[in-house]
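what's the 3D shape of this:
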Amino acid sequence: MKIVKPHETRAELHLKQMIDRTSQNVRSRLRAVAEELAGRKREALKVYQAMPYQERYHKCTEKEVILRAGNRTGKSLAGFVETARVLTGQDPHDKYPKEGGTAVCVGFKESHIGMVIYPYLFKPGAFRMVFDTTTEQWRPWFPKTDKANGIHYRDTIPSPPLVPDRFIENFIWEKRGQNIIRRVDFTTGWELHCFSSRGMPVQGFAADYFHIDEDLERYDWYEETLPRLVDRGGKLRWTALPHAKNEALVSVVERAEDEKTSFANGGPEPSTVDIHATIYDNIHLDPKEVEEVCKRWRQLGEDVYRKRALGELVNDSHLVYPTFSKSMHNAMIPAPGMSRAREIFIESMETNGYPPRDWMRSFILDPGHAFCAGLMIATPPPALGLERFVYDELYLQKATAKILATSFQRKYQGFQFQRFIIDAHGGALTSSETGLSPRSAYSREFAKLGIYCEETAEHFQSGSDDIAGREELLRLWMGISDSGEPTIFIHMGNCPNLVSELSRFKKIVVGEIVQDKANRRLRCHAIEALEYATADGLDYIAPRTNQVEVNRVELILRGMRDRERQRRSQGYTPGAQTVSLGPPE
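Below is the predicted model:
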């Protein structure tokens, strides 16, 4: 039996035997053709096999795609395979022009060009290859399964360059000795420009493709990238271990989450996609080696492990509410030893879609035209537990008072609410169009639809304006109490906007110094409604169970109480020396 060498297939061997029977002139020409064909079959882009998350990255057609992953996940390989496909006109998904495009690669600093970008694209060894004697084809080396079959690193060879020499026309060097390239021209008509993010962003040109590898030193590089892509409908691709040196990477991830949430709620299709992978997603790594490296990362700190292994954005020190947890504060996840209130809440929500009728309900509103956020919170009888349950939300854009009232009516459904609370400052601003404050406009629309609460009828009480005090109280509610559980629980499925805001609400950062003050220019409308709730306390008051007849004296007293509540809802302070000279609204 003829032994096949590791560098040739049986078909290649047969072709060589046929060539050997021809004349010397024909033989030399055919050998050159055969060697070229064999070489092309071994090209890295043809041998490369993507894992599921890498293939998802390659298939994405959206404007911006970020592959955010830990170490040893193959994120950079996927990123530079995508770039090589672009430059050589070999993208199998036809997302880019085949010829005549402009591509840009941006590295964190200049040495990143010479030590990462250039080797990945133009030198052998982007990955290791092995000749598979079963299929008689070259394929990537898979450590987990190949080691078990006796195929080790020493049995492999480095892959050819991702960009074969036959596609390269010309190199223009910045520093030849350090492999720092400025520009490369290709036979496809594409050109590649490489930059360091420490330098000033280049302006005045259009691009078809931008690839940012790892983080950016200067945020304005990201700002400048976007207009470069407009004219040609170009695409941005970003592969990164989330160092989060600045807010650019965080902004892309947050926008991807926002667009995903909006799309789930009936909004437009996302133009930004965040693909997240961990070291455990790399199916080809040896589990023992993974466990060893993860153990050492954990010894360096939990933040190091989360960033290096899990690819998470580790910015807890920047968060206003770092103890918020999507698992711990999820009202719908049963837990051993949970309170009776949680058991009843889960059962009632799964059965009826709302909390029990004997629980106290409150509606807290942060008004606004651009964004208007309202939370519905249920307080159980104290005998069941001391928790508070955020069971639903309203999150409206460009909402008038009528839209808010109509939207809340669908949630209201005739349930008995104990109180309505509103941001005192936002609710007091007078509209130039109607002459009414949002508080008055909301109350008027609530009254038209028959929406009332027990304490102030259709009117709202003022929420606390002590921001620092509200923040501290909410942190206490999120912390573990004497019962072993937090005070606040959230129905994550019904309140996606509140969850999104809590996950990313950050403190002000000046330079690299984190200030002890929340950045309330960020979206925090639902958070502020939750803060008003904690400041109020939402102590339990049993809902009325029936109506009873009252005499004339009681009616008069009730009218006096109602007028007093209305005056309080409009900002009147008992004991203040004021005189009203105008008719009521």
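
what residues go with each domain of the chain?
Per the record's domain assignment (automatic domain parsing), the chain is made up of the domains 10-41, 45-124+163-281, 340-569.

For the residue nearest to Pro143 when sequence neighbours are not counted, list the residues it contacts.
Of all residues beyond its chain neighbours, the one nearest Pro143 is Asp286 (5.4 Å), with distances taken as Cβ to Cβ, 6 or more residues apart in numbering. All C-beta atoms are positioned from the backbone trio N, CA, C, and that covers glycine. The neighbours of Asp286, taking Cβ atoms under 8 Å, 6 or more residues apart in numbering as the test, are Pro143, Lys144, Lys147.

The domains of the chain into a markdown table, with extra columns for mean neighbour count?
Putting these into a markdown table (neighbours: other Cβ atoms under 10 Å) gives the following:
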| stretch | mean neighbour count |
| --- | --- |
| domain 10-41 | 13 |
| domain 45-124+163-281 | 18 |
| domain 340-569 | 17 |
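
coming back round to it: among the contacts of Asp286, name the buried ones.
Buried residues within the contacts of Asp286, counting neighbours by 16 or more other Cβ atoms under 10 Å: Pro143.

Would you reformat the contacts of Asp286 as JSON lines and include distance to Lys98, pLDDT and secondary structure?
Conversion of those to JSON lines gives the following (distance: Cβ to Cβ, whole Å; pLDDT from 0 to 100; DSSP: H, G, I helix; E, B strand; the rest coil):
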{"residue": "Pro143", "distance to Lys98": "35", "pLDDT": "91", "secondary structure": "helix"}
{"residue": "Lys144", "distance to Lys98": "36", "pLDDT": "91", "secondary structure": "helix"}
{"residue": "Lys147", "distance to Lys98": "40", "pLDDT": "90", "secondary structure": "helix"}
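
which one of the contacts of Asp286 sits closest to Glu110?
Taking Cβ to Cβ as the measure, Glu110 sits nearest to Pro143 out of the contacts of Asp286, at 32.7 Å.

ok, the closest one - contacts?
With the criterion set at Cβ under 8 Å, 6+ apart, Pro143 makes contact with Tyr153, His284, Leu285, Asp286, Glu289.

Then Ser251?
Counting by Cβ under 8 Å, 6+ apart, Ser251 has contacts Tyr222.

helix or strand for it, which one?
When elements are defined using DSSP states H and E, Ser251 is found to belong to helix 247-264.

Following the chain past that helix, name the next helix or strand.
Sequence order places strand 272-277 as the next helix or strand after helix 247-264, per DSSP H and E.

what packs against that following strand?
Using 3 or more Cβ pairs under 8 Å, 6 or more residues apart in numbering; DSSP states H and E as the contact criterion, the neighbours of strand 272-277 among helices and strands are helix 52-59, strand 64-69, helix 247-264.

tell me the strands in the stretch 1-150 of the chain, going along the chain?
Under the criterion DSSP state E, counting those that start in this stretch, the stretch 1-150 of the chain carries strands at the ranges 64-69, 102-107, 128-132, 137-140.

Out of those, which gets nearest to Leu313?
When the strands of the stretch 1-150 of the chain are ranked by proximity to Leu313, the top entry is strand 64-69, at 7.7 Å, counting by Cβ to Cβ.

Can you list the strands that that closest one pairs with?
With DSSP bridges as the criterion, the sheet partners recorded for strand 64-69 are strand 235-240 (parallel), strand 272-277 (parallel).

How about residues contacting the first one?
Just to be clear, that refers to strand 235-240. Looking at strand 235-240 with Cβ under 8 Å, 6+ apart, the contacting residues turn out to be 57, 62-69, 75-76, 78-79, 82-83, 95-96, 208-215, 225-226, 229, 249, 252.

Do I have it right that Val253 meets Leu313?
Yes. Using Cβ atoms under 8 Å, Val253 makes contact with Leu313 at a distance of 6.3 Å.

from the contacts of Asp286, which is closest to His369?
For His369, the closest of these turns out to be Lys144, at 55.9 Å, with distances computed as Cβ to Cβ.

wait, is Phe324 part of a strand?
No. Checked against DSSP: H, G, I helix; E, B strand; the rest coil, Phe324 lies outside a strand; its state is coil.

quick one: contacts for it?
Under the criterion of Cβ under 8 Å, 6+ apart, the contact list for Phe324 reads Met478, Leu502, Ser503.

Tell me which of those fall in helices.
With helices identified by DSSP state H, the entries of the contacts of Phe324 that belong to them are Met478, Leu502, Ser503.

ok so His211 is a strand residue?
Yes. Looking at His211 with three-state DSSP, it is inside a strand.

What's opposite it in the beta bridge?
Using DSSP bridges, the bridge partners assigned to His211 are Cys105, Arg237.

what sits against it?
Under the criterion of Cβ under 8 Å, 6+ apart, the contact list for His211 reads Gly79, Phe80, Glu82, Thr83, Ala103, Val104, Cys105, Val106, Arg237, Trp238, Thr239.

How about Ala378?
Phe345, Pro355, Trp359, Met360, Arg361, Ser362, Arg388, Phe389, Tyr391.

Please apply the same query to Asp91.
Taking Cβ under 8 Å, 6+ apart as the definition of contact, the neighbours of Asp91 are Glu82, Arg85.

Kindly provide the distance from it to His211.
13 Å (Cβ to Cβ, to the nearest Å).
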